[in-house]
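The following block contains a protein sequence and its predicted model.
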Protein chains: 2
Amino acid sequence: MTAPLHETRPGTPDTQQGMRRRNLSRVMHSVATEGPLSRAAVAQRIGLTRAAVSTLVDELIRAGLIEELGPQRPGRVGRPGSALVVSRRGPAGVGAEVGVDHLAACVVDLSGEIRARAVRRVANRGRAPGPVLGELSILVREVTARAEREGLRPAGLAVAVPGLVARGTRTVVRAPNLDWHDTDVSALLETRLPLSVDNEANFGALAELWLGDGTPADFLHVSAEIGIGAALVVDGRLLRGTRGFAGELGHVPVRPEGPACPCGGRGCLEQYAGEEAVLRAAGVAPGEDRVGLLAERAGAGDTGVRRALRGAGSALGIALTGAVNLLDPRAVVLGGALSRLAPWLLPSLERELTRRTATPADGVLVSRIGPDGPLLGAAHSVVRAVLDDPAMATATATATATATAGA
Amino acid sequence: MTAPLHETRPGTPDTQQGMRRRNLSRVMHSVATEGPLSRAAVAQRIGLTRAAVSTLVDELIRAGLIEELGPQRPGRVGRPGSALVVSRRGPAGVGAEVGVDHLAACVVDLSGEIRARAVRRVANRGRAPGPVLGELSILVREVTARAEREGLRPAGLAVAVPGLVARGTRTVVRAPNLDWHDTDVSALLETRLPLSVDNEANFGALAELWLGDGTPADFLHVSAEIGIGAALVVDGRLLRGTRGFAGELGHVPVRPEGPACPCGGRGCLEQYAGEEAVLRAAGVAPGEDRVGLLAERAGAGDTGVRRALRGAGSALGIALTGAVNLLDPRAVVLGGALSRLAPWLLPSLERELTRRTATPADGVLVSRIGPDGPLLGAAHSVVRAVLDDPAMATATATATATATAGA
């Protein structure tokens, strides 16, 4: 993801062109989040003159990013304003996800609507990256083709993976639960689209930020598939860390002399609250939809499962005490698989936070997006990039039009 | 500290005036960090035309923020450029510090030079805030008067305190080592200057960022006076947390069932590596300059003291393992009192990080600024505010001139 355009670097001078690009973005964001809006309403919201906004809107209409619904408020006094909405046939974001147990792809349009989606259950653990990403390419082609038939123009592909991705690259440095090391996704995934790759916890947190109901702009997002990941959002931005490795909550020491962890440490959170540890403590055999099974048994009153989840909640609480003391987030949000287990994790988790006086201002929230977060976050990251810099999409549209006209 | 001006909020439109203010700031920063510079050199560095830069420079000269040294390079071909430097008689930053054992104040000019400084040893623990801040007011007046006699114009006062300061306020929510609670510093400190108040660990980290020799723009700064504090700098900015309470490394659980901590938790880092815990483990009686005493004895080979510092280093290493996993900073910097004890803390600290595979990219560095960090960071925060928004200082200078002319 590129930095939002309204942030300029200290070394770069302000220019008229940069200002125009930022104002185009303001119009797009305004229409996308609050539309349908008249030109006058947009002008009022972003604090520019109606004339300035009209020039910007015309440009966005020409580029196919905004549409006019035609005159509104018929029969009322005064000149009716034509309502603006983001285009249903404009650029779209393609998201894809490599899970330990599944592959998924989807297309989201500028309004945030999911226009195509495909999921396949596959046991990916231990499979070589080539075949996995080959299979994912097919899913991506499938949803992309469906979206194109509806007149959408896929603007980019973002892939969520359960592993560490080196910042600014498309290389999975390590994904222990897939057994991938230094895997360059761009070399193995067949696509013509601009490609970005990121950790599933990061995309999950972004989904929460962009799509969550009342999620604050500062929070620590904790999620789990097999491992436990976290992502910190500060002032609406993801804190990625120097190498892109921030958020490794699963390897925060809970008991420094506890059981050895494959990471090289001892007593890491994953040794108490990771999926394998919980299944073992609960006496549940690994198999398909393990999280669903845990939730079902806990719901049915299985004391062994409930005790295991209580223990996991306590360990999460201890690790989060450290995180809350360090970061002072407004809230902790439990996402991914953890959101399904929240009823049994939360009491012991919150007890640890409270007795160690490390309660975040807004407490511990449970994500409503849950396991869909990484896939939706990925697709929306492409959509946000278009909203953040519509001038890019404008340029592409113009270039394509010129090329087509010339052919 | 206000946010740097080159960052505009999404909701606010760009204006010509905002652009002018940001470009004034770019000129100031350029001259302050790289001066003496000719106008042409400034233009080249910030990417504006020479004409545009000249207009901005003239404005800054009129406001007394920049001075011309007169023609340079005499005898060489071409029109000689007049070298620009920041004014030695311009606005200045006043910093002050409330320590557990001392009070201090200093004045720093726009070039970063310390122009006045005063320190007083006082045992402040348990004293009421009123008398402590009254005494600090006297020190501040002393250094301010000295600076004014040299023609400087103090632009603001920043006070470092060993406690939590609610974000955006001047209220010390709690400072356990002073026994202060909800202390509004602005009500008790006598000053005509614009006042800001922040945690000493935050100012220490900012000093490291602004004045450190090769300090990266992403690091976790760990410091200690009596308690242990930390501050995270990301992309050259301090991560303050929602309430301003980020950086409470001292209350990260190291051993979750360890000794009770006054914070309400158990086994917090301060119970192993805080000054009291170390003095107790070393069998050293509390008294004056305790850190100096520990350093002296450790240096003389005292095995009890060395063992105590080794234990503290291990505990720091465990807490930092969590922090590095969560935040992926480029470096950990040991500042404040910890920098003086680094030779005996570092080996065990680094051993924990290494065996738990949580080594930051640039490793663990020792601050060269050390215990001076909070005071210098405070004074420089005022200087930076002037460099970040010289238009404010321009306006003030003009207003003062007008008022004087009218009197």
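Looks like it arrived, so ask away.

tell me, how many neighbours does residue A:319 end up with?
For residue A:319, the neighbour count with other CB atoms under 10 Å in any protein chain shown is 32. Quick note: C-beta positions are derived from backbone N, CA and C, even for glycine.

That one - that's part of a helix, no?
Yes - assignment of residue A:319 by DSSP: H, G, I helix; E, B strand; the rest coil places it within a helix.

Show me where the stretch 251-400 of chain A has its helices.
Per DSSP state H, counting those that start in this stretch, the stretch 251-400 of chain A carries helices over the ranges A:270-273, A:275-282, A:290-299, A:303-327, A:336-355, A:373-388, A:390-406.

low-confidence ranges in chain A?
Residues of chain A that meet the criterion pLDDT under 70 lie in A:1-14, A:71-81, A:394-407.

Domain-wise, how is it divided?
A:16-86, A:91-204+A:373-386+A:393-406, A:214-368 (automatic domain parsing).

Over to the last one now: how far is its first residue from its last?
Using CA to CA, to the nearest Å, the span of domain A:214-368 from its first residue to its last is 11 Å.

May I ask which helix or strand encompasses residue A:95?
If you go by DSSP states H and E, residue A:95 is part of strand A:91-98.

how close does residue A:154 sit to chain B?
Noted for residue A:154: a distance of 26 Å to chain B, by CB to the nearest CB, to the nearest Å.

oh, I was asking about residue A:212
16 Å.

wait, isn't residue A:109 in contact with residue A:116?
No - assessed by CB atoms under 8 Å, residue A:109 is found out of contact with residue A:116, at 9.8 Å.

Contact partners for whichever residue of the stretch 251-400 of chain A sits closest to chain B?
As assessed by CB to the nearest CB, chain B sits closest to residue A:328 within the stretch 251-400 of chain A, at 2.5 Å. Contacts for residue A:328 (CB atoms under 8 Å, 6 or more residues apart in numbering or on different chains) come out as A:360, B:240-246, B:248.

Out of those, which two sit at the greatest distance?
Greatest spatial distance in the contacts of residue A:328: A:360 and B:240, 14.3 Å, computed using CB to CB.

before we move on, back to that, got a markdown table for the helices of the stretch 251-400 of chain A, with distance to residue B:336 too?
Below are those laid out as a markdown table (distance: least, CB to CB, whole Å):
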| stretch | distance to residue B:336 |
| --- | --- |
| helix A:270-273 | 33 |
| helix A:275-282 | 38 |
| helix A:290-299 | 45 |
| helix A:303-327 | 17 |
| helix A:336-355 | 28 |
| helix A:373-388 | 39 |
| helix A:390-406 | 46 |
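
returning to that earlier point: is it possible to get CSV of the domains of chain A that adds distance to residue B:57?
CSV is the format used below for the domains of chain A (distance: least, CB to CB, whole Å):
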stretch, distance to residue B:57
domain A:16-86, 22
domain A:91-204+A:373-386+A:393-406, 35
domain A:214-368, 33
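
among those domains, which is nearest residue B:303?
Among the domains of chain A, domain A:214-368 comes nearest to residue B:303, with 23.8 Å by CB to CB.

for that closest one, the distance to its chain's centre please.
Centroid displacement of domain A:214-368 relative to its chain, using CA atoms, centre = their mean, to the nearest Å, is 18 Å.

out of the helices of the stretch 251-400 of chain A, nearest to residue B:290?
Checking those against residue B:290 by CB to CB gives helix A:303-327 as the closest, at 24.7 Å.

Tell me what angle that closest one forms with helix A:275-282.
140 degrees (axes from the mean of the first three to the mean of the last three CA atoms, to 10 degrees).

Show me what counts as buried in helix A:303-327.
Buried residues in helix A:303-327, counted by 16 or more other CB atoms under 10 Å in any protein chain shown: A:305-306, A:308-327.

Over to stretch A:144-156?
Neighbour counts over stretch A:144-156 (16+ other CB under 10 Å) mark A:144, A:147, A:152-156 as buried.

can you dump the C-alpha coordinates of it into CSV?
Provided in CSV are the C-alpha atoms of stretch A:144-156 (Å, rounded to 0.1, in the frame of the first residue of the first chain):
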residue,chain,number,x,y,z
THR,A,144,-11.7,-11.2,-12.5
ALA,A,145,-13.5,-12.5,-15.6
ARG,A,146,-16.8,-12.4,-13.8
ALA,A,147,-16.2,-8.7,-12.8
GLU,A,148,-15.1,-7.7,-16.2
ARG,A,149,-18.3,-9.1,-17.7
GLU,A,150,-20.1,-6.7,-15.5
GLY,A,151,-18.0,-3.8,-16.9
LEU,A,152,-15.6,-3.4,-14.0
ARG,A,153,-11.9,-2.7,-14.6
PRO,A,154,-9.7,-4.6,-12.0
ALA,A,155,-7.1,-2.1,-10.9
GLY,A,156,-4.8,-4.3,-8.9
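
residues making contact with that stretch?
Contacts for stretch A:144-156 (CB under 8 Å, 6+ apart): A:64, A:88-94, A:107, A:109, A:115-116, A:193-196, A:382-383, A:385-386, A:393, A:396.

who's in contact with residue A:255?
Taking CB under 8 Å, 6+ apart, we find residue A:255 in contact with A:266-267, A:272, B:255-256.

how about the residue of the stretch 151-300 of chain A found nearest chain B, secondary structure?
The nearest approach of the stretch 151-300 of chain A to chain B comes at residue A:241, 2.5 Å away (CB to the nearest CB). What three-state DSSP gives for residue A:241 is coil.

The strand holding residue A:95 versus helix A:373-388: what angle between them?
Using the same axes, to 10 degrees, strand A:91-98 lies at 150 degrees relative to helix A:373-388.
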